[in-house]
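Peer 1: the following block contains a protein sequence and its predicted model.
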Number of protein chains: 2
Amino acid sequence: MLALPMIALAGNIKSPNGNIEVKFSVDNTGRPVYEMTYKGREVIKPSHLGLELAKDKHASKGMDETNLIDGFSIAKEETSTFDETWRPVWGETATIRNHYNELAATLLQADTKREILIRFRVYDDGVGFRYEFPQQQALNYFLIQEERTEFAMAGDHKAWWLPGDYDTQEQETQETRLSEIRECMKKAVNWNNSSVAIFSETGVQTSLQMKSQDGLYINIHEAACQDYATMHLELVDDQTKAFTTKLGGGSNAYTPSPKPSAYPLPQPFTFVSHLTPDATGLKGAMQTPCETPWRTVMVSDDARDMLANNLILNLNEPCKIEDTSWIHPTKYCGVWWEMIVGKSSWNYTDDFPSIKLDKIDWNSVKPNGRHAANNEKVKRYIDFAAKNGLDEVLVEGWNVGWEDWANMWKRDVFDFVTPYPDFDIKMLNEYAHSKGVKILMHHETSSSSQNYERHIKEAFELMNKYGYDAVKTGYVGDIIPRGDHHYSQSMNNHYLYVVKEAAKHHIMINAHEATRPTGLCRTWPNLVGNESARGTEYEAFGGSNPDHTCILPFTRLQGGPMDYTPGIFVTKLSEWSDNPSWARITLAGSLALYLTMYSPLQMAADLPENYEKFDDAFQFIRDVACDWDDSKYLEAEPGDYITVARKAKGTDNWFIGGKCDENGHTSVIKLDFLDKGRKYECTIYADAKGAHYETNPQAYTISKRVVKAGDILKLKEAPGGGFAVSLIAK
Amino acid sequence: MLALPMIALAGNIKSPNGNIEVKFSVDNTGRPVYEMTYKGREVIKPSHLGLELAKDKHASKGMDETNLIDGFSIAKEETSTFDETWRPVWGETATIRNHYNELAATLLQADTKREILIRFRVYDDGVGFRYEFPQQQALNYFLIQEERTEFAMAGDHKAWWLPGDYDTQEQETQETRLSEIRECMKKAVNWNNSSVAIFSETGVQTSLQMKSQDGLYINIHEAACQDYATMHLELVDDQTKAFTTKLGGGSNAYTPSPKPSAYPLPQPFTFVSHLTPDATGLKGAMQTPCETPWRTVMVSDDARDMLANNLILNLNEPCKIEDTSWIHPTKYCGVWWEMIVGKSSWNYTDDFPSIKLDKIDWNSVKPNGRHAANNEKVKRYIDFAAKNGLDEVLVEGWNVGWEDWANMWKRDVFDFVTPYPDFDIKMLNEYAHSKGVKILMHHETSSSSQNYERHIKEAFELMNKYGYDAVKTGYVGDIIPRGDHHYSQSMNNHYLYVVKEAAKHHIMINAHEATRPTGLCRTWPNLVGNESARGTEYEAFGGSNPDHTCILPFTRLQGGPMDYTPGIFVTKLSEWSDNPSWARITLAGSLALYLTMYSPLQMAADLPENYEKFDDAFQFIRDVACDWDDSKYLEAEPGDYITVARKAKGTDNWFIGGKCDENGHTSVIKLDFLDKGRKYECTIYADAKGAHYETNPQAYTISKRVVKAGDILKLKEAPGGGFAVSLIAK
């Protein structure tokens, strides 16, 4: 293979419908270059590909050559086409078509006798490409100093971005032009927060949604990130400042990645990949044969296509779980919101400044009287779930350790098997099961991943014993082992390790604060949810912008479903607590989220008593499905509005949701997707006249009518509002 | 408690027999100071105690005060006395007396409202002291920047030392004056070894044995090191150079600990503690209530007392395992030495430059024909063990993964449950058990502690299933997670985690390359052995000095038994292999090690065929016990000679061993420890005339006679030689 003549090839490849074209070549220094167009318009201008390796102490074992940047020639190019339709275990549609043309370029670096492969898959709605490293004597193990994948933008696009941070993605999204990122970063980041792990003044996260001045929607993200560090993007806005910022919030200051001074700087408006480091500052340890995640660029001139796009799922491997019968979409409520709001507590006692699990007799400590996860309250939630057709009840704070659980560098923080004295795990599960309800397990790890791995088998065995089939995991606080980060290679490996171990125990995973998803739920559909963004809880921490939920489907949700925990009916928390925060959404808008924020796991997050006050509106949450045979994105504009119609799995019923930002929106919906000649009982939950997310959030109307295919619904959404519609086939 | 008046106390405390005295006070800057004398002679000159904490990013939680150095006053002093006799599960003697006087000084740091306690236990043969941190609002969690415990020596003692290294203790011991350490360090360290992790030109390891010019034997070590970083010692030899060296071998250069510039430098010949860092460079994360390990100073004017000393065991907590019936001293042979020598291999195939465990069909790969752990060979060893009364057979290389197992930053290196195709785990265990022999499990972790913890439960369950009751673990190579070190807090926690998990499965642990022991085997007697020093394997890697085994009992063995793997009869490896190395010991000297290197786990390390050539000498290995009711150190001088007599557990039989350095030695042994009026069949295995470790190692004599109490044996040990005696009560 290495003896092949060096052929200077340059490959062009088009998507099946021809809308997208990728050109690939190596430049005169042997650097791989690609570019991408959509309907003849520039999406990615010529951009370099490559990686810098680290010179390792084990250099004698071939770990001394650090250059995977230049000196390449194209040794071989292969093209192919692929077209299949597959059925997800759960999803927005019953089937998904995976149709692409592929270019696989084998690159030979003559000086080092190393060979890598770059594989492009060109879809009608985007491109995925990745680096592949075949097993070979000259490249057997390597450490990554930095991946240097460029995405050169064709203009000063508008972007919806989060500050690049190694440990959080729970910030508010910023909406600026690319040229404004550096200036905006100064206010986008809470520099007083000691846990800030910002690496550059122009560093942003993916999935990054952009819109060009001439109306192209472009999204950069990644697919199938497993055992590899999560990618951030560093923007070259000004060549004089590129790769030179030195930042860091608290005492953990982060060194920016080294400037690749040996190579010409990218042009302005180029993003360069920046991987999350581990405790040593390196980005990963690899063994051939291996590959990077797919780097994805999705594009369309219609924003709705961005939401209907399945490119990231398609780039993941097929399902690896043989029997998936135990995986099920789930609607749930939970003992949760009242702790988030501050009315009750996760912890059982306030008696100690700190605790050690093996030193406390829990039956003799003094209860604080505020512990939420108690038998009486949990039974109340079980009753509520049973009465309202909810499948499960999440209970947080059931297990010992919450007295001092976060950010104290405490490794042995939870054991995941010992309930507090007032949580009778056997009785409560039996009670729930007798009513057709399951309890949803909770494992907060405090980011002590080592401790969680030590206990995970007993924890899952306990779940099996008592009939739990799903767990919400949490990664609040700093990673232990110390020095590591939430989105590093080793932590990404950890999250997937947990998913795989859970699959062995027929347990579904809903991981909070874990790395942002990249479509791995196709391969491991027991990964039914992630948080990995600013969720509803922030409505109790000062609030989120009303447009937040009109951005997330374009960004965070591209990689997989989010456990956003919607459904807040009483938005002014002071109505029932001392918390002055309030949710920036109308009640009808809250209903819309069950459609616009797709997830197979949907929470009814508010208190039972709050729902009981608005039982007519709660009827929609009782009715709405969380698994679908079809989905039609009817209207969409990032940060402004999203309207989607979905057909409930295995039925002829449709549900429609529309959600808008602070400016309100009027939706005109043509029901041309309904079955011809069939009638539907249509119930519309809408903002009432005068409704407003701040001043009048609970003003809603419920109206019913009978509709048929071709009818038109005109629905007004209030500022920060929305609507929800159910269409029951008669 | 904090309201107590500040009393400027100074405490003096003597050992039970008055030989040792400790004085404790705080100086005029509020720094704690202690000093120690033995029979009125200075052992430790006035030396400061204290710790520097790290200012943490979570400073708001009280983790901002870094000073635990000065500003203290003595708030309270309590003295007490303790005297008990306890029975070890296994050991050198049937009972151990734990007799000390104690001084517990409570120190208040008025500015920070923090309180710590320093506890001294003064024995007749040494002192242990530690820092204790009670639970308190102002000191709840903390990170350790460095422990600053001083040990000011009274003179330019001779010292037997190892270069201070965070990852290895397998060097040759250096014997120099304290003033010569800096110069000697340059040649003591292999600076070309990329894994060298040296922190200072005057950094040494413990246990550190010294001898003063006027004949005091002094040893500094630690006891009960658990969930705390292993301590090294940095010598202040020259105040102008103290704490200023910047060293490091390979690409991982180590930053020396920061100079505590705010405080006066210690006097020359003062050792200052230097803890092993983690990946972030910090030394530990603590939660009150907690304490450091005991810092130990043992002293005597008779070198034999240093070996008979039980201070380190006594400072550990009593046994925590309720049923210890499954723990047993063990004599074993193993499929091992032929791989160490290079004649056969751990790995099964040579076909791949690297492997991934989940990608290989082991039944279809091509065997290399050199794989030692095959059914035929293992049966041969089982037969040999059964025939010779050995309890177990170690088999290394039985499990898949050895093809690329070390130093490649490979996390998922072994699964610990999958045998190679030529190792029939079920058949071999049944075969062994049918002959009254057990197979001794082997778990090489390649220092991928995370991987081992992930697999440990299945690994131990496999052992239980097939009837293994002991495992040799290994930690070769760099620690994964990367950046961590073998002797850090987190790795020390890991080693003990493994011991505790093993105890749940009734499994004994023999950990190689793990941290040096500190007496934890008292608390967890299933920790039957450690390597943690230069073992017999180095005789195949170029050899060890003949005096090596006359030093180890004074240093490494102070903390617990070593699996030294003695018993090499054919010392010139070229006699049966291509290895040019040769063991620096005579055959009779090899027999002596079964006495002088105390361990409840003793290997007969040479090949069965080599033993069969010297079956008359092998009779001693068949006969010798490895658990004892009594032990008498008859002669001792560090680096020169050791002679010890031991009474076999539950019998009236005695065994005596004598081992000397390259200069030879004549032992005159008065058998006054034998039962009066009783006769003993005495068999003497001695160096023959003209025996020499280099030129004539296999010249030995075996003689028999009948002896009684009071008789005298005069035995000549050849250069690098020794003798072994069995005394069977008639």
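Peer 2: All right, it came through fine.

Peer 1: excluding chain neighbours, what is closest to A:Leu307?
Peer 2: Leaving aside its sequence neighbours, A:Leu307 sits nearest to A:Tyr633 (C-beta to C-beta, 6 or more residues apart in numbering or on different chains; 4.6 Å). To be clear about C-beta, it is placed using only N, CA and C from the backbone, and glycine gets the same treatment.

Peer 1: who's in contact with that neighbour?
Peer 2: Under the criterion of C-beta atoms under 8 Å, 6 or more residues apart in numbering or on different chains, the neighbours of A:Tyr633 are A:Arg304, A:Asp305, A:Leu307, A:Ala308, A:Ile642, A:Thr643, A:Val644.

Peer 1: for these, name the two members farthest from one another.
Peer 2: The largest separation in the contacts of A:Tyr633, counting by C-beta to C-beta, is between A:Asp305 and A:Thr643 at 14.4 Å.

Peer 1: A:Asp167: what's it in contact with?
Peer 2: Listed by C-beta under 8 Å, 6+ apart, the contact partners of A:Asp167 are A:Ser195, A:Ala197, A:Asp478, A:Ile479, A:His485, A:His486, A:Tyr487.

Peer 1: from the residues you listed, which is closest to A:Arg177?
Peer 2: Using C-beta to C-beta, A:Ala197 is the member of the contacts of A:Asp167 that sits closest to A:Arg177, with 25.3 Å.

Peer 1: could you count how many residues lie near that closest one?
Peer 2: Under the neighbour criterion other C-beta atoms under 10 Å in any protein chain shown, A:Ala197 is assigned a count of 24.

Peer 1: find the nearest non-adjacent residue to A:Val570, please.
Peer 2: Distances taken as C-beta to C-beta, 6+ apart place A:Asn610 nearest to A:Val570, at 4.4 Å, with adjacent residues excluded.

Peer 1: A:Asp56 too?
Peer 2: Among residues not flanking A:Asp56 along the chain, A:Met63 sits closest, at 3.7 Å (C-beta to C-beta, 6+ apart).

Peer 1: check what pLDDT that neighbour gets.
Peer 2: Turning to A:Met63, the model gives it a pLDDT of 75.

Peer 1: would you confirm that it contacts A:Ile144?
Peer 2: No - when contacts are counted by C-beta atoms under 8 Å, A:Met63 is not listed as touching A:Ile144 (11.4 Å).

Peer 1: can you give me the helices in the stretch 101-250 of chain A?
Peer 2: When assigned using DSSP state H, counting those that start in this stretch, the helices of the stretch 101-250 of chain A occupy the ranges A:181-188.

Peer 1: and the strands in it?
Peer 2: A:114-123, A:126-133, A:141-147, A:150-153, A:158-161, A:174-177, A:203-205, A:208-211, A:217-223, A:231-236 (DSSP state E, counting those that start in this stretch).

Peer 1: show the backbone phi and psi for the residue in the stretch 1-150 of chain A positioned nearest to chain B.
Peer 2: Shortest the stretch 1-150 of chain A-to-chain B distance, computed as C-beta to the nearest C-beta: residue-wise this is A:Lys57, at 3.9 Å. Listed backbone geometry of A:Lys57 is phi -60, psi -20, with angles given as degrees, to the nearest 10.

Peer 1: what score does it have for pLDDT?
Peer 2: 76.

Peer 1: how close does it get to A:Ala373?
Peer 2: Using C-beta to C-beta, to the nearest Å, A:Lys57 is found at 49 Å from A:Ala373.

Peer 1: neighbours of the closest residue to chain B within the stretch 501-650 of chain A, just the number please.
Peer 2: With C-beta to the nearest C-beta as the measure, the residue in the stretch 501-650 of chain A that lies nearest chain B is A:Glu501; the distance is 8.8 Å. A:Glu501 has 17 neighbours, counted by other C-beta under 10 Å.

Peer 1: helix, strand, or coil at it?
Peer 2: Counting by DSSP: H, G, I helix; E, B strand; the rest coil, the backbone at A:Glu501 sits in helix.

Peer 1: who are the contact partners of it?
Peer 2: For A:Glu501, the contacting residues are A:Ile456, A:Lys457, A:Phe460, taking C-beta under 8 Å, 6+ apart as the criterion.

Peer 1: now swap in A:Leu713 and tell me
Peer 2: Counting by C-beta under 8 Å, 6+ apart, A:Leu713 makes contact with A:Ile656, A:Ser667, A:Val668, A:Ile669, A:Leu671, A:Cys682, A:Ile684, A:Val707, A:Val725.

Peer 1: name the nearest residue to the last one, ignoring sequence neighbours.
Peer 2: In other words, A:Val725. Leaving aside its sequence neighbours, A:Val725 sits nearest to A:Ile656 (C-beta to C-beta, 6+ apart; 4.0 Å).

Peer 1: need the longest helix for chain A.
Peer 2: The helix that spans the most residues within chain A, counting by DSSP state H, is helix A:449-466.

Peer 1: residues touching the residue nearest to A:Leu208 when sequence neighbours are not counted, list them.
Peer 2: On the basis of C-beta to C-beta, 6+ apart, the spatially nearest residue to A:Leu208 that is not a chain neighbour turns out to be A:Ile220, at 4.8 Å. A:Ile220 is in contact with A:Phe151, A:Thr206, A:Ser207, A:Leu208, A:Met210, A:Leu233, A:Phe271, A:Arg295, A:Thr296, A:Val297, counting by C-beta under 8 Å, 6+ apart.
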